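**Q** return atomic coordinates for the entry below.
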Amino acid sequence: MEREARRAAVAAYKKRESVAAIYVVRSAGSGEAWVGHTPDIDTIRNRIWFTLRAGGHMNKALQAAWTRDGEDAFSLEPLELVDDDTLGFTADKVLRAKAAEWRDKLSAGAV
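**A** Below you'll find the model as predicted:
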């Protein structure tokens with residue numbers, strides 16, 4: 001029975017719809033913010049936190065703040081959810097442009 005339940009869970013995960021979004025990572029310790037974009041808001045936090053914990057995030061300023069302030073000082077929140085109609089066939093281009101707008105608004109760095 002466990003095997004069937006596992007298969008059902010995997011199948012349900014694969015069928016779920018992803019939601020594209022613009023998000024911000026904030027450090028409560030320093031007040032710094034970093035804005036990024038993702039085609040799936042539900043998975044991005046785990047990906048970012050994993051690379052930060054491992055000490056290998058490609059944004060050196062974000063990694064330095066993480067090391068200095070600690071994991072508990074950080075949060076990730078969506079700024080804007082982007083629907084499929086807005087994305088169209090140029091999803092990455094649209095997400096990059098929206099993320100750049102939010103970086104300007106928040107005076108934030110890029111994730």
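
**Q** which residues in this protein form helices?
**A** In the chain, the helices defined using DSSP state H lie at 2-15, 41-54, 60-69, 84-87, 91-106.

**Q** worst-scoring helix or strand of the chain, pLDDT-wise?
**A** Ranked by mean pLDDT, DSSP states H and E, the weakest helix or strand in the chain is helix 84-87, scoring a mean of 70.

**Q** of all the helices of the chain, which lies closest to A33?
**A** Among these, the nearest to A33 by Cβ to Cβ is helix 91-106 (5.4 Å). C-beta here means a position set from N, CA and C on the backbone, and glycine is covered the same way.

**Q** how near is the spatially most central residue of the chain to I22?
**A** Centroid-nearest residue in the chain, with Cα atoms, centre = their mean: I44, separated by 3.7 Å. Per Cβ to Cβ, to the nearest Å, I44 is found 11 Å from I22.
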